[in-house]
Every structure is written in structure tokens, then in C-alpha cells.
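Have a look; sequence and predicted model below, questions after that.
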Amino acid sequence: MSNRIQIFDTTLRDGEQVPGCGLNKEEKIIIAQALEELGVDVIEAGFPISSPGDFDSVQALATIIKDATVCGLSRAVQKDIECAAEALKNAVRPRIHTGIGTSDQHVFTKLKLTREQVLERAKGCVSYAKKFVEDVEFYAEDAGRTDNEFLAQVIEVAIKAGATVVNIPDTTGYCLPEEYGQKIKYLVDNVRGIEKATISTHCHNDLGLSTANSIAGIQNGARQVECTINGVGERAGNTSLEEVVMILRKHNWLNYDTGINSKKLYPISRLVSETMNMPVQANKAIVGSNAFAHSSGIHQDGVIKNRDNYEIIDPAEVGVDKSSIILTARSGRAALNFRLGQIGVQLGKDELEGAYKQFLKLADEINVVDDPELKELAEEYVNA
Ligand code: KIV
Ligand code: ZN
């Protein structure tokens, strides 16, 4: 089995379902071009039947994007599939993503079908989509809560009907990593023909486990990960693309590769955050504003001596200029001296001691001491 992990970005479809963060066609084009430069394998451009605007956006991306596969979502409904096919007509690499709910919860209380009917619909939607495109991905919605035996039957039917990719969504973010990993392994071991399709993870973050679940999926045989920039998405969001990519890079002994240019992770995170008007939490892994900021004295001293003491990622690797030493009342003399050095001020031992006392008073008052305050504080010593 190849160790190349396909990155399927759904920022423009599942990610865009965040209330109040909808994107227009022009915004979608800008983000899609940035995603292509980032090196994603698949861009899920939208859900064409959902609105004329979304149809137009998918059609535009299908025309513009040349390297990545462009994917359109549909339910297991013929008119959805026809609409997706029409929107994707100009794509170099079109993919239709179609499927149906498989958990008892979805089958009986949402779809109000029997399991036999779900199997029929799964077969029907894949076969119908195959009339339009070769590359058909099947999703088993709420697979996370679906009993494995039935899930295996549905996936087998979908592959037999021609699905090239089978998506196993933990739609409600319910699974534990061990459980989700075992689910993927169960499918690998029990679905006839599974080697003909790529298994995909699609994990939501309701319990904060989406990244861990996606990695567990990979370790058990999934070779595509569905994710979004900054982890945006409905409710608590989707798996965060930058987290998965950096986990695989940092644990390179696992031997999994992606085609992602990691230096573009921070710039695209900013682009998506600004375009969607959705701030990134400061302590967000990889792309949060504090991800490479050090403010306690012990850590600062360690980082100044050798960055590897407290950083496992070189900020440049993800497109961040540099790590920062933030001056607060928790900072020590080493950090003050370092930051003074950065603004061209060198102080002797006694002067530094005096400056440090003054600095602590100021930091207690204003919390973070930035360059302008630092320059003012240093003036007394420079001009002495
Ligand atoms: O979360 C989910 O189940 C989905 C499917 C439509 C793929 O987004
Ligand atoms: Zn989803």
C-alpha cells in the first residue's frame, strides 16, 4: 500500500457551511487558487444543487483549476448528481461525491428508510454518477456511529458499483481515535474489493478529536484525509489540514507523505481567516498567533539558548517569519536583553539590572511591552 496521503480540502464546501462565513464566487476562486498552490490533491468546490450561486462557483473552479481534482457534492438523488455533473463539465479532473446516511440514527429517523433501501440507494447513486464521470467518491454519512457490519456491506456495494474513493465520515465527531482506527481496519479486513478504492477519513471536531481520529484512520489504512484550512466547518469544525500535514511531517518515521508545500500553510490560513471573517484562536496549533510566541522567562531563556528546547517546528517551515519573544511580567533578564539586542541596544550587567527592574514595573502596568515602550525605556541608558 502506498504511503502517499491524498489531501482533500473541503474548506469551500463543508468549511463554508459555517453560519455567516459564506463565500462568493470571486472569493472562492482566490482560495481555490491558493489551495492549488499549496498542493492539495482534491478541492471540494461546493454542493452545486444547493443554490445557483454555488453551482456557478463550482463551474468556475472546474474551469480554472487544472492540477487538483475538482469535486462537487451531491446527495444520493439523481437530480443532485446531474447538477454536479453539469457544474463539473469543464474540469480536467472531475469527481462527484455522492452518498447517504448509514447509521441507524440516520437511516430510521432522518431518511425513514430500511437498511435494504439504503443499500439500493448506495448502489444506485454510484452507478448513476459513473455515467457522467469516472472518479466517483461515495460517503457513508454518520459512519462514525454506524455498526461496522452494515457499514462494510454498504461500502462493498458502493465499490462494486464503481466507487473509486470511499469516505467514512465521523459526521458528528463522536468516535474515539482507537474506535475510528478500528473501524477503518474492519473495512480493510472485511470489505471484498476494498483494494480497488481509496479509503478516506472525514472527521468532525465535536469532541476535539478530529485530527487524532484522522491520523488513526491513516494508520489503519486510509489514504485520503478530508480537512479544511484552520479546521473551519459547521459546529466545532472539521479536521484541520495544517495539523494533519505537520503531524505527518514531524513524525516522518511513520513514512507518510503529502504533496503539501508547508511554507504556504500560514499565508493560506490568514487568507481563509480574513476572507471568511473568521478569526483563528491565538493558541491554535500551527497557525495561531501564539503558536511560535514565548512569554515565560524559563521558556524564553531556553529558546534564546537553542530554539529546539521549546519548538518542535521551525516557524519558517510553515511560512511564519520567526518565533517571537513576547515581553511580559513573566519574562526574565535573558529575554529583555535579547529584545534590546534586536533594537540595537547593548547594556552592561548593571545597566541591564536597572532596566529590568523598570521593565517589570512597566510590564505589570501594561501587560505586553512592545518595541516603542522598550525603546523609551532604553533611551535613559543609551543617552547616559
Ligand atoms: O460530515 C459529513 O458526513 C459530510 C458528508 C456530506 C461527506 O460532510
Ligand atoms: Zn462533514
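On my side now, so go ahead. Ligands and ions are numbered 1, 2, ... in the order given.

what about Asp308, how many residues close to it?
Neighbourhood size, Asp308 [other C-beta atoms under 10 Å]: 10. Using the backbone N, CA and C atoms, a C-beta is placed for each residue, glycine as well.

Could you do Ile366 as well?
Neighbours of Ile366 using other C-beta under 10 Å come to 12.

and if you look at the one 10 residues further on?
Other residues within reach of Glu376 by the criterion other C-beta under 10 Å amount to 11.

For the host helix or strand of it, give me every contacting residue.
In the assignment (DSSP states H and E), Glu376 maps to helix 371-382. Residues outside helix 371-382 that contact it (C-beta atoms under 8 Å, 6 or more residues apart in numbering): 327, 339-340, 343, 345, 347, 351, 354-355, 358-359, 362, 366, 369.

now stretch 281-292
By C-beta under 8 Å, 6+ apart, stretch 281-292 touches 230-231, 240, 242-243, 246, 265-266, 269, 280, 311, 313, 315, 318, 320, 322-324.

Give me the buried positions along that stretch.
Within stretch 281-292, the residues that qualify as buried are 284, 286-288, 291-292, counting by 16 or more other C-beta atoms under 10 Å.

in the helix holding Glu376, what counts as buried?
373-374, 377-378, 381.

Kindly report the same for stretch 189-209.
Buried residues in stretch 189-209 (16+ other C-beta under 10 Å): 191, 194, 197-206, 209.

I'd like to know which of those residues are part of strands.
Per DSSP state E, strands hold the following members of the buried residues of stretch 189-209: 198-203.

Would you mind naming what in this structure lies close to ligand 1?
With C-beta under 6 Å from any ligand atom as the criterion, the chain meets ligand 1 at residues 14, 139, 141, 167, 169, 171, 202, 204.

Mind putting those residues into TSV with pLDDT and secondary structure?
Formatted as TSV, those follow (pLDDT from 0 to 100; DSSP: H, G, I helix; E, B strand; the rest coil):
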residue	pLDDT	secondary structure
Asp14	97	coil
Tyr139	98	strand
Glu141	98	strand
Asn167	99	strand
Pro169	98	strand
Thr171	98	coil
His202	98	strand
His204	98	strand
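
Just among those residues, which is most surrounded?
His202 (30 neighbours).

what sits against it?
10, 139, 167-171, 226, 238-239.

still on that earlier bit, same question for the helix holding Glu376, mean pLDDT?
The average pLDDT within helix 371-382 is 89.

With stretch 238-258 instead?
pLDDT averaged over stretch 238-258 gives 97.

any idea how far that stretch is from the chain center?
With C-alpha atoms, centre = their mean, to the nearest Å as the basis, stretch 238-258 stands 11 Å off its chain's centre.

Next, count neighbours for Thr328.
The number of residues near Thr328, taken as other C-beta under 10 Å, comes to 17.

How much space separates it from ligand 1?
With the distance defined as C-beta to the nearest ligand atom, to the nearest Å, Thr328 ends up 41 Å from ligand 1.
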